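Engineer: Build me a model from this:
(2 chains)
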Amino acid sequence: MVLTGLLVLLGACSEAALGAPPQAAEEELKAAFLFNFAKYVEWPADIVAERPSIDLCVLGDDLLHDALQQTLRGKVVRDKPIGIRRLASAQGAAGCHVLFVAGAHHDDMPGIVALVQRHHVLLVGEGPEFLAHGGAIAFGVEDNRLRFDVDADAASSAGLKLSSQLLKVARHVSRRDGGS
Amino acid sequence: MGRRFSTFRKSLLAPLVVAVTSVLASPLATRGEEALFDADRSATDLTELTLEELMGIEVTSVSRKVEKRSEAASAVYVLTAEDIRRAGVTNIPDALRLVPGVQVAQITSNQWAVGIRGFASRLARSVLVLIDGRSVYDPLFAGTYWEVQDTLLDDVERIEVIRGPGGAVWGANAVNGVINIITKNARDTQGAFLTGGGGNYERGFAAIRYGDRLGEDFYYRGYAKLLDRAPGFDRSGNDFDAWWFAQQGFRIDWLVSPRDTLQIQGDAYLGELGQRVGIVEFEPPFLRVADEDAKVSGADLLARWGRTLGRASELALQVYYDNTYRREPNFAETRNTFDIDFQHRIALRWRQDFQWGLEYRLTADDTGSVPGVDFVPSSRADNLFSAFLQDEIELIDGLRLTVGSKFEHNDYSGFEVQPNVRLLWLADSRQSVWGAISRAVRTPSRVEHDLLLLSSGVFADRIAALVGDSSFDSEKVIAYELGYRVQAAASVFVGVSAFINDYDDLLTFDLGPEVEVGDLPPIVPLIFRNGLHGETYGVEVTADAEPIERLRVSAAYSYLVIDLHGDPDRPADQFLVFLTDGSSPQHQFNVRSTWIVPDLGEVDGVLRYVDRLPALDVGSYVGLDLRLSRRVAEGLELSLIGRNLVEAHHREFAGGTEVERSGYLQVRAWW
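Structural biologist: Residues are numbered from 1 along each chain as shown, chains lettered A, B, ... in the order given. Sure, this is the predicted structure:
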């Protein structure tokens, strides 16, 4: 009885409240997305097994690097600790599992793509042009919310398998055989 | 109490020490700092959200909803799963040694004294401990039996330790701090996991866990573990404190609908703990020392339902049942606890984040099955009603005010109010300053009201009798805290917190008139009384840096002064002042490094210094733990751990055995 009354009361409260939707800083949201990407991407078995950690690398975005440091330190994916690295240039990307490339480095993309495809790195960036440059996942803001598009071919040519859960929530998934 | 009379010296003070340390031993449970600000913890950590949930979050330049630790207005320290694994520890108290402001001293192989900002004792009465929201504070003797607070350590997501009062959110007994142990979501423990190992002190341990899912939204896991530990070093050669312990449990996490989550979990344990108990008898020589095992068992079941109501409001309803049983040569306790807790959080206009909650707890015990340590009445059921309110207001950009209070009614001290006010200033993206004033109480436990222990010890040819008094009131603190955090360089984080705790009505004893009974030595009643007051103050500094890639170095320093006062004409007061002031280290320091060496593996170490405890005749010591770990094959990790490598053995507290140098080998496998 008491509980029922309580729930009714709460329901009324929530209707009356005119609060804002949950909010977060863009970098923190991106960090959380990257963490999820690491969960839903399958690397070739030896890429995970032979390295002590799952390394998320950032090229050209210090705020994102800091957000990763703050929100993901100590987290574990596939029973491996997460490593966070800030790259000064694309040269260090070979040991990364995920590489985020800031917009300012789009000119370097051809070299980056060539390097990382051999090393099975998931390339994440922002804006529609990032996929055109050969990236696998690109963030975009829509209706004040963070979304992402996927180029399935770019992922598979890097030897990566994206889980259906990831593809399901992507805004667009482009494939050579058509797809949306 | 009798259980803690493990040592007996023929001095005036020895029985008092034992009696008092056992009474003072109660724990205060801890909850994480982030939790202070978030009724629904799961909503605070973005990384715990699914992709779908992340899609629902609005992008903003100023993060409000997400409480980062750098933005907490209290002294919080979080041990992550990674911290715990790489510390090479096998139990929760040893993991807490890494936390600044926390004193962990091993008493025997199966007993620890854990204190926050002083007041460490066997049970630590002013620290509140919770495991996934379930209080494990024992209201009979006031404190936490750390030896039975266990789980599969690999399933612990994090341990949040808040130094300073947490009464406004967590309720009574969070006087000096809160320790919140949080296990992983079943979604994050999928697959099979097996670990085992052994060494000279950890004679053998093994654990297995299996996690799976049904469909896309229903995840579960089950685990079982077993451990066998050797006795500590005893100068008289009596190896009385060996023990074994077994536990199993499960957890289910079910996303019932996009708006509803359901978490159901449970555990059961069984163990035999080697103990030395001094039992006073009413015939010469009046004291018998018994080396007998304590038998412990327990079980718990918890369900938590979370619902998102609209876009800015969420509620959580939690229910748990907890059973514990403990039997010693002169004492037994059976306890059943039922608790229901409701919390609602809502974002309001003017940038307010408002939370309120209600809780009811029923706890019933039976202490009558073994004579020796007696309670009147021998069994008792108590009710706890409580409510809390908290509002966090962003006054201007970067300046946050939090005000709140807990209101509760208990059957011992009646109505209690525990308010706090906190202010946080985010000076810029790299620095923050916070301050807080809070009041908290440690409510009376059964022992202070109902104890009738006619045989607590023998001293100076007299029998000491501990007697409860139903007018014993709550112990109170008003705490003043100040903190500063700075990101000094790209990967260098420094935090400083300072506090003054002003205590009143702390526990002491009245010495009653001697009673003559037949041929017995005279009996001196020691009656519980609120009589001490005073201050503690201190500073804690933490620093964390990543000087080169994959090498992380952390250091923590704690400074503490305890300055209590009592009636100069009462010897019991003077003794308790001496005991409390001198049972905590004035200086503690630790530095640890975790390093991933390419082609070798993980190379980790912890070096710590703990100052002497003058009242307990315990010297300062330096401890060094080392861990080497290597992935030898896919899904197979081998670790070699050395603990307390500096000395062959050292004493950490009074009334027990010594901690020996030890080593063990551990295997972890998963598939």
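
Engineer: Do you have the helices of chain A handy? List them.
Structural biologist: Taking DSSP state H, the helices of chain A run over residues A:2-16, A:26-40, A:45-49, A:62-72, A:109-118, A:128-132, A:152-157, A:164-169.

Engineer: Dump these to TSV, plus mean pLDDT.
Structural biologist: Output for these, formatted as TSV (pLDDT from 0 to 100):
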stretch	mean pLDDT
helix A:2-16	36
helix A:26-40	88
helix A:45-49	79
helix A:62-72	83
helix A:109-118	82
helix A:128-132	85
helix A:152-157	87
helix A:164-169	84
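
Engineer: hey, which of those is tucked in deepest?
Structural biologist: helix A:26-40 (a mean of 23; mean count of other Cβ atoms under 10 Å in any protein chain shown). Every C-beta, even on glycine, is put in place using the N, C-alpha and C of the backbone.

Engineer: now for the longest strand along chain B, which elements pack on it?
Structural biologist: When chain B is parsed with DSSP state E, its longest strand is strand B:523-548. Contact here means 3 or more Cβ pairs under 8 Å, 6 or more residues apart in numbering or on different chains; DSSP states H and E; on that basis strand B:523-548 packs against helix B:13-24, helix B:446-450, strand B:451-459, strand B:462-467, strand B:492-511, strand B:551-565, helix B:571-581.

Engineer: And that strand, what's buried?
Structural biologist: B:523-532, B:534, B:536-546 (16 or more other Cβ atoms under 10 Å in any protein chain shown).

Engineer: returning to that earlier point: which among the helices of chain A is found nearest to B:V127?
Structural biologist: Among the helices of chain A, helix A:62-72 comes nearest to B:V127, with 27.4 Å by Cβ to Cβ.

Engineer: quick one, that closest one and helix A:26-40 angle?
Structural biologist: 60 degrees (axes from the mean of the first three to the mean of the last three Cα atoms, to 10 degrees).

Engineer: Next SSE downstream of the one helix or strand in chain B whose mean pLDDT sits lowest?
Structural biologist: Confidence across the helices and strands of chain B bottoms out at helix B:33-37, with a mean of 29, counting by mean pLDDT, DSSP states H and E. Per DSSP states H and E, the first helix or strand lying C-terminal to helix B:33-37 is helix B:51-55.

Engineer: what about that next one and chain A, touching?
Structural biologist: Yes: interface with chain A: helix B:51-55 contributes B:51-52, B:54-55 (Cβ under 8 Å from any Cβ of the partner chain).

Engineer: For B:A436, give me its contacts.
Structural biologist: With contact set as Cβ atoms under 8 Å, 6 or more residues apart in numbering or on different chains, B:A436 has these partners: B:73-74, B:164, B:420-423, B:479-481.

Engineer: Now, of those residues, which are buried?
Structural biologist: Those of the contacts of B:A436 that meet the buried threshold are B:73-74, B:164, B:420, B:422-423, B:479, B:481, by 16+ other Cβ under 10 Å.

Engineer: Now the residue nearest to B:P614 when sequence neighbours are not counted. Its backbone dihedrals?
Structural biologist: Counting by Cβ to Cβ, 6 or more residues apart in numbering or on different chains, B:P614 lies nearest to B:G582, which is 4.2 Å off, once chain neighbours are set aside. Torsion angles at B:G582 (phi, psi; degrees, to the nearest 10) stand at phi -100, psi 10.

Engineer: burial count for B:G582?
Structural biologist: By other Cβ atoms under 10 Å in any protein chain shown, 17 other residues sit near B:G582.

Engineer: is it true that it touches B:L613?
Structural biologist: Yes: using Cβ atoms under 8 Å, B:G582 makes contact with B:L613 at a distance of 6.2 Å.

Engineer: Just confirm B:L227 contacts B:F205, I think it does.
Structural biologist: Yes: if you go by Cβ under 8 Å, B:L227 and B:F205 touch, sitting 4.1 Å apart.

Engineer: what is in contact with these two at once?
Structural biologist: Residues within reach of B:L227 and of B:F205 at once, by Cβ under 8 Å, 6+ apart, are B:T90.

Engineer: now the residue of the stretch 351-500 of chain B found nearest chain A, nearest residue through space, not along the chain?
Structural biologist: Closest contact between the stretch 351-500 of chain B and chain A, by Cβ to the nearest Cβ, is at B:S491 (7.0 Å). Among residues not flanking B:S491 along the chain, B:E546 sits closest, at 4.0 Å (Cβ to Cβ, 6+ apart).

Engineer: got a list of what that neighbour touches?
Structural biologist: B:E546 makes contacts with B:491-492, B:552-553, as judged by Cβ under 8 Å, 6+ apart.
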